[in-house]
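**Q** structural data only, the sequence is not supplied:
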């Protein structure tokens, strides 16, 4: 058993004690986190709550309402967990990390004051303005008439966002004035997104390439994982409806050293200074969504406060340093960025979705996975369940993710797609062009 680095006095855990880790969530991100825990020599026991079919085949899963912080804390106590990793954004916004820390249980994930950067797009934009973080021109509205008037400020397309959490569906890119006005009226007058849309953000449409930077933050210290790029559109060539992500790869070459210097200086630095000024003790992942212009100028599209999904699935395997050690150190304020090392490899995930996603799609399909996987390959589960006879069934839109590691992105893609083809499933759908910008450049 490896010894944990010195912890601070907030949490009392014997230095030689093994970690008993509870992972909150049920998607592909959480399965990737579970795999990292099961691989770590620091971890003696790991649970997922509520988990999914794939996770249940590897570890014990516990029933849990993740939107009930009291239940989350009680489960952690009942299990004797001494580290809780919070996967999704909703429990973070509800303050589960605060409640866990109050109970003396280290948690990887920001408190409610940090989580507001994702739970309120209006608050996030105000933070950007206050601390001079580069982003699109914007304003927020709670009344329809001034919002409609503000639309005239922008050329088309224009972006209309529900300020609150909307399960990734609250961002509308409007190609016409009629679409933009309908989006505003739908949110403010008709309750399209319920409480999440009672305040809207209207902002200019930025062009360029998107990229994601996952920053593991522990107070005033941080580590950047490899820059990544995901694919939101359901169709090849980045066409069709937006989804939760059809695949991702890392490292993304579009984020070169010059751009990373700007990110450190003009984005991460001011953000951490802002946290200090606001009294936010951020201990978790700061997800920076970037738009990089053709001139190489990065602007922030949004902040999230947890690992991205599917980006998490390719980033954790690229950590040479044990990612569980990193999460433990972030939770306890003992992160030493100088000791952190990353692998010089490439990783890709291809998401296998149910045909018809993100619209209506069939569920309960029987899935047969390959009996063995080549080295450097793994399959993460996002929308699966085990039926009464123990057979694997589909239960969601994004169902599986094939993760591949290799020396080059080309090799990773070749290996990933061979496994995608080998998965037997009647209504399987996946994009065959993940990483196309970098592979074709």
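**A** The structure has been received and is ready for your questions. None of these values were measured; they are calculated from a predicted model. Residues are numbered from 1 along each chain as shown.
**Q** for the residue nearest to residue 131 when sequence neighbours are not counted, which residues are in contact?
**A** Distances taken as C-beta to C-beta, 6 or more residues apart in numbering place residue 274 nearest to residue 131, at 4.0 Å, with adjacent residues excluded. Using the backbone N, CA and C atoms, a C-beta is placed for each residue, glycine as well. Listed by C-beta atoms under 8 Å, 6 or more residues apart in numbering, the contact partners of residue 274 are 127, 130-131, 133, 280.
**Q** now, among these, which is nearest to residue 298?
**A** Among those, residue 133 lies closest to residue 298 (C-beta to C-beta), at 10.6 Å.
**Q** which segments of the protein make up each domain?
**A** 19-111, 143-198 (automatic domain parsing).
**Q** what about the last one, average pLDDT?
**A** Meaning domain 143-198. For domain 143-198, the per-residue pLDDT values average out at 92.
**Q** endpoints of that domain, how far apart?
**A** Using C-alpha to C-alpha, to the nearest Å, one end of domain 143-198 lies 9 Å from the other.
**Q** that one: how far from the chain's middle?
**A** Taking C-alpha atoms, centre = their mean, to the nearest Å, the mean C-alpha location of domain 143-198 is offset from the chain mean by 24 Å.
**Q** quick check: residue 341 vs residue 320, distance?
**A** Between residue 341 and residue 320 the distance, using C-beta to C-beta, to the nearest Å, works out to 4 Å.
**Q** return the residues in contact with residue 126.
**A** Listed by C-beta under 8 Å, 6+ apart, the contact set of residue 126 reads residue 140.
**Q** please report the distance of it from residue 132.
**A** For residue 126, the distance to residue 132 under the criterion C-beta to C-beta works out to 12 Å.
**Q** helices along the stretch 201-350 of the chain, start to end?
**A** Counting by DSSP state H, counting those that start in this stretch, the stretch 201-350 of the chain forms helices over residues 257-262, 269-278, 311-315, 323-332, given from the N-terminal end onward.
**Q** re earlier: wait, which of the contacts of residue 274 is closest to residue 225?
**A** Scanning the contacts of residue 274 for proximity to residue 225, where the rule is C-beta to C-beta, the winner is residue 133, at 19.8 Å.
**Q** how would you label the closest one: helix, strand or coil?
**A** coil (DSSP: H, G, I helix; E, B strand; the rest coil).
**Q** below-threshold pLDDT in this structure: ranges please.
**A** Across the chain, the ranges flagged by pLDDT under 70 are 1-16, 168.
**Q** so who does the residue nearest the centre of it touch?
**A** Using C-alpha atoms, centre = their mean, the residue of the chain that lies closest to the mean C-alpha position is residue 308, 1.5 Å off. When the contact criterion is C-beta under 8 Å, 6+ apart, the partners of residue 308 are 29, 212, 214, 228, 230, 245, 248, 287.
**Q** neighbour-wise, which of those residues leads?
**A** Within the contacts of residue 308, most neighbours by other C-beta atoms under 10 Å means residue 248, with 29 neighbours.
**Q** re the thing from before, same list (the domains of the chain) but as JSON lines, adding distance to residue 428.
**A** Listed next are those as JSON lines, based on distance: least, C-beta to C-beta, whole Å:
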{"stretch": "domain 19-111", "distance to residue 428": "15"}
{"stretch": "domain 143-198", "distance to residue 428": "22"}
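**Q** any idea which of those domains is most buried?
**A** Most buried of the domains of the chain by mean neighbour count (mean count of other C-beta atoms under 10 Å) is domain 19-111; its value is a mean of 22.
**Q** what is the neighbour count of the nearest residue to residue 216 once chain neighbours are set aside?
**A** Nearest non-adjacent residue to residue 216, counting by C-beta to C-beta, 6+ apart: residue 223, 4.7 Å away. If you count neighbours by other C-beta under 10 Å, residue 223 ends up with 21.
**Q** which residues does residue 223 contact?
**A** Applying C-beta under 8 Å, 6+ apart as the definition, the contact partners of residue 223 turn out to be 215-216, 326, 335, 337, 340.
**Q** drop anything exposed from the residues you listed.
**A** Buried residues within these, defined by neighbour count using 16 or more other C-beta atoms under 10 Å: 215-216, 326, 335, 340.
**Q** tell me the SS of the spatially closest residue to residue 383 that is not a sequence neighbour?
**A** Nearest residue to residue 383, sequence neighbours excluded (C-beta to C-beta, 6+ apart): residue 396, at 2.1 Å. Going by three-state DSSP, the secondary structure assigned to residue 396 is coil.
**Q** go on, residue 431?
**A** Secondary structure assignment for residue 431 (three-state DSSP): coil.
**Q** and it, backbone torsions?
**A** Residue 431 adopts backbone torsions of phi -80, psi 140, taken as degrees, to the nearest 10.
**Q** who's in contact with it?
**A** 231, 234-236, 246-247, 350-351.
**Q** wait, which of those is closest to residue 361?
**A** Of all the contacts of residue 431, residue 234 has the smallest distance to residue 361: 10.9 Å, by C-beta to C-beta.
**Q** surely the closest one and residue 245 touch.
**A** No - using C-beta atoms under 8 Å, residue 234 makes no contact with residue 245, being 10.1 Å away.
**Q** residue 387: which of the domains of the chain is closest?
**A** By C-beta to C-beta (comparing all of these), the closest turns out to be domain 19-111, at 8.7 Å.
**Q** end-to-end on that closest one?
**A** From the first residue to the last, domain 19-111 extends over 22 Å; the measure is C-alpha to C-alpha.
**Q** pretty sure residue 151 sits against residue 182.
**A** No - with contact defined as C-beta under 8 Å, residue 151 does not reach residue 182; the gap is 11.1 Å.
**Q** got the contacts of residue 223 as TSV, with distance to residue 172 columns?
**A** What follows is those, written out as TSV (distance: C-beta to C-beta, whole Å):
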residue	distance to residue 172
215	27
216	31
326	36
335	38
337	38
340	38
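**Q** so which of those belong to strands?
**A** Of the contacts of residue 223, the ones assigned to strands by DSSP state E are 215-216.
**Q** which among the contacts of residue 223 gets closest to residue 254?
**A** Sorting the contacts of residue 223 by how near they are to residue 254, with C-beta to C-beta, puts residue 215 at the top with 17.5 Å.
**Q** so who does that closest one touch?
**A** Applying C-beta under 8 Å, 6+ apart to residue 215 gives the contacts 222-225, 268, 285-288.
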